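> Dropping a prediction and its sequence here:
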Amino acid sequence: MNILVTAGNTQTPIDRVRCITNIFSGRTGTRIALAASERGHSVTLLTSHPEVVREFLPPLRFGEGGRGGEVQGSGSLRIRQYRTFDDLEARMSELIPSGEFDAIVHAAAVSDYRLDGIFSQSADGLKDASAGKVKSHHAELWLRLLPTPKLIDRIRQEWEFHGTLVKFKLEVGVSEEELLVVAERSRLHSRADLMAANTLEAMHEWAYVGSESGGYRKVPRDQLAEHLLDAIEKHC
């Protein structure tokens, strides 16, 4: 199969030297991409942390100093890097409509909000404080954030992908029963075929993989890639 995997976190720039992001490093998506390549699949990995590939591969198999290129295994792995939400959106909108992929694993932790202004308080109200590097003398700053479009929802609707789609869902402070309800509702909303779901509290211990029709299976976190690829291959 030809598989697209997204991994890592997106940055929301505040100015040219600061950003808002999240804690995720792309290791899960990278492990999935490498495992798929080892199974003989042709894989494209979109990641904000291509250096993570180096952690799992001997140096001679990793090309172009960790920033991209080809990794040769039983299959092949092509690495493409992004940094911001806009970068990832552009890469996905370029690659997915081509119709070359049989499956998409959307494991990237995508920003829910983008910056729409930086303001400081003045006698006349809020004043624009945007700059190449926002000055540190402000007593306080106000950031205006607007929701980003849900890239996972555009995969079917806008980019017209008809292959196997895998969505990831992470929740905080919920029970496993609540997680499965939320995950299945989210899977259906995005018209994904499979869901990988876990909680922040247990993110290094286990994850659920599946769908309501085929049933969810709780798997050890270090076996997530293999179980997910088994499910993808079975579905395809």
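Yep, it's here.

> quick one: average confidence on the top helix by length along the chain?
Among the elements of the chain assigned as helix by DSSP state H, the one spanning the most residues is helix 176-190. What helix 176-190 shows for mean pLDDT is 97.

> Flag every buried residue along it.
Within helix 176-190, the residues scored as buried using 16 or more other CB atoms under 10 Å are 179-180, 183-184, 186-187, 190. Where C-beta positions appear, they are placed from N, C-alpha and C, glycine not excepted.

> name the helices or strands packed onto that helix?
helix 151-157, strand 164-171, strand 194-199, strand 206-211, strand 215-220 (3 or more CB pairs under 8 Å, 6 or more residues apart in numbering; DSSP states H and E).

> Identify, out of these, the most deeply packed stretch.
Scoring the helices and strands packed on helix 176-190 by mean neighbour count under mean count of other CB atoms under 10 Å gives strand 194-199 as the most buried, with a mean of 24.

> Off-centre distance for that strand?
Its chain's C-alpha centre and that of strand 194-199 lie 13 Å apart, by CA atoms, centre = their mean, to the nearest Å.

> and for that strand, what are the contacting residues?
When contacts are defined by CB atoms under 8 Å, 6 or more residues apart in numbering, strand 194-199 is touched by residues 107, 164-174, 176, 179-180, 182-184, 186-187, 206-211, 216, 221, 224, 228, 231-232, 235.

> immediately after the longest strand seen in the chain, which helix or strand?
Longest strand of the chain, by residue count under DSSP state E: strand 113-122. Note on strand 113-122: by DSSP states H and E, the next helix or strand toward the C-terminus is strand 125-128.

> From start to finish, how long is stretch 127-142 in a straight line?
Stretch 127-142 has an end-to-end distance of 10 Å (criterion: CA to CA, to the nearest Å).

> just stretch 1-11 next, same as before
Length of stretch 1-11, first residue to last, CA to CA: 30 Å.

> for stretch 77-90, same thing?
20 Å.

> Quick one: mean pLDDT over it.
96.

> And the longest strand of the chain, what's buried?
So, applying 16+ other CB under 10 Å, buried residues of strand 113-122: 114-115, 118-120.

> Quick check: which element contains Ile32?
Going by DSSP H and E, Ile32 is in helix 27-38.

> Sheet-wise, list the partners of the helix or strand just after that helix with their directions.
The helix or strand immediately downstream of helix 27-38 is strand 42-47, counting by DSSP H and E. Here strand 42-47 is paired, per DSSP bridges, with strand 2-7 (parallel), strand 76-81 (parallel).

> now the residue of the chain positioned farthest from its centre: how far from Arg154?
Centroid-distance maximum for the chain: Ala123 at 42.4 Å, with CA atoms, centre = their mean. From Ala123 across to Arg154, the span is 44 Å (CB to CB, to the nearest Å).

> before we move on, the earlier item: what's in contact with the longest helix of the chain?
150, 152-153, 155-156, 165, 167, 169, 171, 174, 194-195, 197-199, 208, 211-212, 216, 218.

> just stretch 7-21 next, same as before
By CB under 8 Å, 6+ apart, stretch 7-21 touches 22-30, 32-33, 45-49, 52, 82-85, 87-88, 107-111, 113-115, 118, 130-134, 143, 145.
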